[in-house]
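Participant: Let me see the structure of the following:
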Amino acid sequence: MDLTFGDIQEAALIPLAIKASETSRENPRIVDLKAKEIIDTLAVFKW
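Facilitator: Numbers count the residues shown, from 1 in each chain. Down below sits the predicted model:
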């Protein structure tokens, strides 16, 4: 599936990507498994 995001949608992904990135760290301060799942599913960002 090919998704196209506008500026607003891309901006909304920033906090989601940050939460997913933090969740992937060795000793995360926050854990948001749903954010990681969404980012992994979208395959927008590669960690």
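
Participant: Show me the helices in this protein, by range?
Facilitator: 7-24, 33-42 (DSSP state H).

Participant: Export the ones you listed as CSV, with columns for mean neighbour count and mean pLDDT.
Facilitator: Where C-beta positions appear, they are placed from N, C-alpha and C, glycine not excepted. Formatted as CSV, those follow (neighbours: other Cβ atoms under 10 Å; pLDDT from 0 to 100):
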stretch, mean neighbour count, mean pLDDT
helix 7-24, 14, 91
helix 33-42, 15, 92
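
Participant: Now Pro28: closest residue in space that isn't a chain neighbour?
Facilitator: Glu22 (5.1 Å; Cβ to Cβ, 6 or more residues apart in numbering).

Participant: Show the contacting residues for the one you found.
Facilitator: Neighbouring residues of Glu22 by Cβ atoms under 8 Å, 6 or more residues apart in numbering: 28-32.

Participant: let's see 10 Å
Facilitator: Counting by Cβ atoms under 10 Å, 6 or more residues apart in numbering, Glu22 touches 28-32, 35-36.

Participant: how close does it sit to Thr4?
Facilitator: In this structure, Glu22 and Thr4 are 27 Å apart, going by Cβ to Cβ, to the nearest Å.

Participant: my read: Leu16 touches Thr41, true?
Facilitator: No: if you go by Cβ atoms under 10 Å, Leu16 and Thr41 don't touch, sitting 11.2 Å apart.

Participant: Nearest the middle, which residue of this protein would you pick?
Facilitator: Centroid-nearest residue in the chain: Ala17, 2.9 Å away (criterion: Cα atoms, centre = their mean).
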